[in-house]
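Participant: below is the sequence, then the predicted model.
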Amino acid sequence: MKDTWSLDALYQGYEDPQFLDDLTLLEKQKDHLNITSQKLSHTDEKHVLVQVLQEEERFFVLLGKLSSYMMLRQACDTTDAKTVALMGQLEQISSDATKAITKIERYIQECDNLDTWIDQNAFLKEYAYVLKETKKDGRYHLSDDVEEVIAKLNISAGNAWSNLQEYLTSTLKVNYHNKVLTLSEVRNLAYDSNKNVRKAAYEAEIKAYDSIKQSVAFALNHIKSQVNTISDLRGFPSPLDMTLYYSRMEKSTLNAMMKQINAYLPVFHSYLKTKARLLGYPKQLPWYELFAPLSADEKSFTLDEAHHYLIQHFRPFADDLADMIDQAFEDAWIDFYPRNGKVGGAFCANLTMIKQSRILTNFDGSLGDVVTLAHELGHAYHGKMIESHRPLNTNYSMPVAETASTFNEIIIMNAAIQEENDPKIKCSLIENQLQNLTQIICDIYSRFLFEQRVFEKRRSAFLFADDLCEMMLEAQKEAYGDAIDPDTLHPYMWINKSHYYSPSLSFYNFPYAFGGLFARGLVAQYEQQGASFVEKYRQMLHATTISSVEEVANMAGIDLSAASFWISSLESCKKTVNEFIELADQLFS
């Protein structure tokens, strides 16, 4: 088993003749799209709709293949000048196609008999959701020329600032005990069994940000300013409203979820205070102890052991999921270990054009890292469920994006807890699950508050690093209450979370809370229905790219606007917290 991924299924390098031919072909396809968009006629709308969608299919499949290859290479080496140059070339081709795409979308919006053409043509029927949503989107589209200008300027604006943040954080050198570590390596020490290591790593991390904080602050300011401007131009009340609209999610769903999260924050505070007491802190938990293991006996995993552990726990759920996990490990889909120039965190890229995925992690052997693998493999399984769609039907929205991944997390942790006979290890496993839950509730809540306020304040002021740190601390205090020692909060969380730095994807925080709570509801159904649930789950994931968030939930009989659903999921979290506190009192009092 390789510990780095192979991208050969896409291309074997930048000198690969297929890569060079595809880059040339994409340029030609872009030119053809531009020519086609100039000749659109309403004389035979049904034929024209089929023609333009087929051309878009060819263009976006090839664009996706090329951009995925470059993005994956850059993720492992942000210093690669060749990749940066080629990505700039690809962004230029993509932006040059924007005007044509906008013209095609406007043509669709002008088709008065769109429903009739969909009913009469099998190909168009497959694209019914895309076509109807495109028609609805017309009210927020700008002129063809303005859309083209936005796309072109984004290359040297939002995307460039995003690349700066990625470069600075991936190449940041952290001085830890006279050793130079990457940011990912030093952050991984938060899981170390030694308290002194955890504290020293936190202090080294905080100190290291000083050298890049103003540069990253400039990146964040200009990205958020750009999004504010585009949101205003399109006529949205706010960037959050724009995000929800393009996420195909009702604001009532978000409000219902956030209201109940706020109400249940004290439940998570009680968990954190209990953990503080178990670690020897009288009242509040220091930030650097959030991921501290409770048991020195917590298992450390090799890659082979992680592979076996995942297969063992997912095979009973679904053979096709277990088989896909085998393929991911054996066919080099995963890049495991941290190294200089590699981005931090973890992600999964669905490569539906080749019916595969690629997963990046910064694996350090802890159970948390195995859970992270399970999470990312959930994304890959989601990709497997949508790969049979036509090419323009393979994009799911942000909120449902975290459903399959979080479902996997819950499955793996529930199984591990149920199988454990040693009470101390069992308690540690429950605590590990609560670590993850607290991240998607308390931490995500703080990140949501922070991003909202950055957007609001950026309208009238430039936010220097110290301003952003103060705003982050205030958001953390609201989310974590009196459970975390205020002198140890993390003022620089806005630097290392890449989610803040996408000019096209704002508020990538609440989807984690949504995915976590929605997935808990689905797991409850699985526990009640057993094997009969699995096919419904597959169908639901398959539908995520051609349905709104609420329509997907309805397939599982869930009303997302009802407080009762969110309360039931949060009550299950509360039950886990109470179980942990009771067990901890028995074992450690």
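Facilitator: Noted; the coordinates are in hand.
Participant: how about Asn350, secondary structure?
Facilitator: Following DSSP: H, G, I helix; E, B strand; the rest coil, the label given to Asn350 is strand.
Participant: how about the contacts made by it?
Facilitator: Contacts for Asn350 (CB atoms under 8 Å, 6 or more residues apart in numbering) come out as 357, 379-380, 382-383, 386-387, 394. In this view, the C-beta of every residue, glycine as well, is placed from N, C-alpha and C.
Participant: same question for Leu10.
Facilitator: Counting by CB under 8 Å, 6+ apart, Leu10 makes contact with 65, 68-69, 72, 351, 354.
Participant: ok, now Gly345?
Facilitator: 184, 360, 362, 498.
Participant: name the next helix or strand downstream of the helix or strand hosting Asn196, please.
Facilitator: Secondary structure from DSSP states H and E places Asn196 in helix 195-208. Per DSSP H and E, the first helix or strand lying C-terminal to helix 195-208 is helix 213-234.
Participant: what's that next one in contact with?
Facilitator: With CB under 8 Å, 6+ apart as the test, helix 213-234 has contacts from 140-142, 146, 150, 154, 157-158, 161-162, 164-165, 168-169, 238-239, 241-242, 454-455, 458-459, 462-465, 468-469, 492, 494-495, 500-503, 506.
Participant: just the ones of these in helices?
Facilitator: Judged by DSSP state H, the contacts of helix 213-234 include 146, 150, 154, 158, 161-162, 164-165, 168-169, 239, 241-242, 454-455, 458, 465, 468-469, 494-495 as members of helices.
Participant: now the residues you listed: which count as buried?
Facilitator: Buried residues within these, counting neighbours by 16 or more other CB atoms under 10 Å: 150, 154, 158, 161-162, 164-165, 168-169, 239, 242, 454-455, 458, 465, 468-469, 494-495.
Participant: all helices of the stretch 201-350 of the chain, in order?
Facilitator: For the stretch 201-350 of the chain, the helices defined by DSSP state H, counting those that start in this stretch occupy 213-234, 239-246, 251-278, 303-314, 319-330.
Participant: tell me what the third one is packed against?
Facilitator: The helices and strands touching helix 251-278, judged by 3 or more CB pairs under 8 Å, 6 or more residues apart in numbering; DSSP states H and E, are helix 239-246, helix 423-438, helix 444-458, helix 465-480, helix 510-529, helix 563-588.
Participant: quick one: which of those helices is nearest Thr24?
Facilitator: Among those, the nearest to Thr24 by CB to CB is helix 239-246 (32.1 Å).
Participant: list the helices and strands that closest one packs on?
Facilitator: Using 3+ CB pairs under 8 Å, 6+ apart: helix 239-246 touches helix 213-234, helix 251-278, helix 444-458.
Participant: pLDDT (mean, whole number) over stretch 556-569?
Facilitator: Across stretch 556-569, pLDDT averages out at 94.
Participant: neighbouring contacts of that stretch?
Facilitator: Residues from elsewhere that reach stretch 556-569 (CB under 8 Å, 6+ apart): 250, 252-253, 256-257, 259-261, 517-518, 520-522, 524-525, 536, 540, 549-550, 553.
Participant: out of the contacts of Leu10, which are buried?
Facilitator: 65, 68-69, 72, 351.
Participant: got a quick PyMOL command for the buried subset of the contacts of stretch 556-569?
Facilitator: The buried subset of those, as determined by 16+ other CB under 10 Å, is captured in PyMOL by this line:
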select buried, resi 250+253+256+257+260+261+517+518+520+521+522+525+536+540+549+550+553
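Participant: including mean pLDDT, could the helices and strands packed on helix 239-246 go into a markdown table?
Facilitator: As requested, those are exported to a markdown table (pLDDT from 0 to 100):
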| stretch | mean pLDDT |
| --- | --- |
| helix 213-234 | 98 |
| helix 251-278 | 97 |
| helix 444-458 | 98 |
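Participant: what's stretch 449-462 in contact with?
Facilitator: 220-221, 224-225, 227-228, 238-240, 463, 467-468, 471-472, 475, 478-479, 493-494, 500, 506-507, 509.
Participant: repeat the analysis, applying 7 Å as the threshold.
Facilitator: Around stretch 449-462, the neighbours that count as contacts under CB atoms under 7 Å, 6 or more residues apart in numbering are 221, 224-225, 228, 239-240, 463, 471-472, 475, 478-479, 494, 500, 507, 509.
Participant: and stretch 71-84, by the same measure?
Facilitator: With contact meaning CB under 7 Å, 6+ apart, stretch 71-84 is reached by 7, 14, 70, 87, 166-167, 170-171, 335, 341-343, 349, 358, 360.
Participant: what mean pLDDT does it get?
Facilitator: pLDDT averaged over stretch 71-84 gives 95.
Participant: in it, what's buried?
Facilitator: Buried residues in stretch 71-84, counted by 16+ other CB under 10 Å: 72-78, 80, 83.
Participant: now, those residues that are in helices?
Facilitator: Per DSSP H, helices hold the following members of the buried residues of stretch 71-84: 72-76, 83.
Participant: relative to Ile325, how far out is the closest residue in space to Gln586 that isn't next to it in sequence?
Facilitator: Ranked by CB to CB, 6 or more residues apart in numbering and with sequence neighbours excluded, the top spatial neighbour of Gln586 is Pro423, at 7.5 Å. With the distance defined as CB to CB, to the nearest Å, Pro423 ends up 30 Å from Ile325.
Participant: for these two, indicate the residue with more neighbours.
Facilitator: Ile325 (23 against 11; other CB atoms under 10 Å).
Participant: distance of the more buried one from Ser569?
Facilitator: Distance of Ile325 to Ser569, given as CB to CB: 26 Å.
Participant: over to Lys384?
Facilitator: Here the criterion is CB to CB. By it, Lys384 lies 26 Å from Ser569.
Participant: for Leu321, give me the pLDDT.
Facilitator: Listed pLDDT for Leu321 reads 97.
Participant: burial measure for it, as a count.
Facilitator: Other residues lying near Leu321 total 24 when counted by other CB under 10 Å.
Participant: list the contacts for it?
Facilitator: 314, 381.
Participant: repeat the analysis, applying 10 Å as the threshold.
Facilitator: 310-311, 314-315, 377-378, 380-381, 384-385, 404, 408, 411, 534, 538 (CB atoms under 10 Å, 6 or more residues apart in numbering).
Participant: of these, keep whichever come out buried.
Facilitator: Neighbour-count burial (16+ other CB under 10 Å) applied to the contacts of Leu321 gives 310, 314, 377-378, 380-381, 384-385, 404, 408, 411, 534, 538.
Participant: quick one, what contacts Arg106?
Facilitator: Contacts of Arg106 (CB under 10 Å, 6+ apart): 37, 40, 134, 138, 141, 143-144, 147.
Participant: dump these to a markdown table, plus pLDDT and distance to Ile444.
Facilitator: Formatted as a markdown table, the contacts of Arg106 follow (pLDDT from 0 to 100; distance: CB to CB, whole Å):
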| residue | pLDDT | distance to Ile444 |
| --- | --- | --- |
| Ser37 | 95 | 41 |
| Leu40 | 94 | 44 |
| Thr134 | 95 | 31 |
| Gly138 | 92 | 33 |
| His141 | 92 | 31 |
| Ser143 | 91 | 37 |
| Asp144 | 88 | 38 |
| Glu147 | 91 | 32 |
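Participant: need the residues you listed in CSV (columns: neighbour count and distance to Leu20).
Facilitator: As requested, these are exported to CSV (neighbours: other CB atoms under 10 Å; distance: CB to CB, whole Å):
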residue, neighbour count, distance to Leu20
Ser37, 21, 27
Leu40, 18, 32
Thr134, 20, 33
Gly138, 12, 38
His141, 16, 35
Ser143, 11, 36
Asp144, 17, 31
Glu147, 19, 30
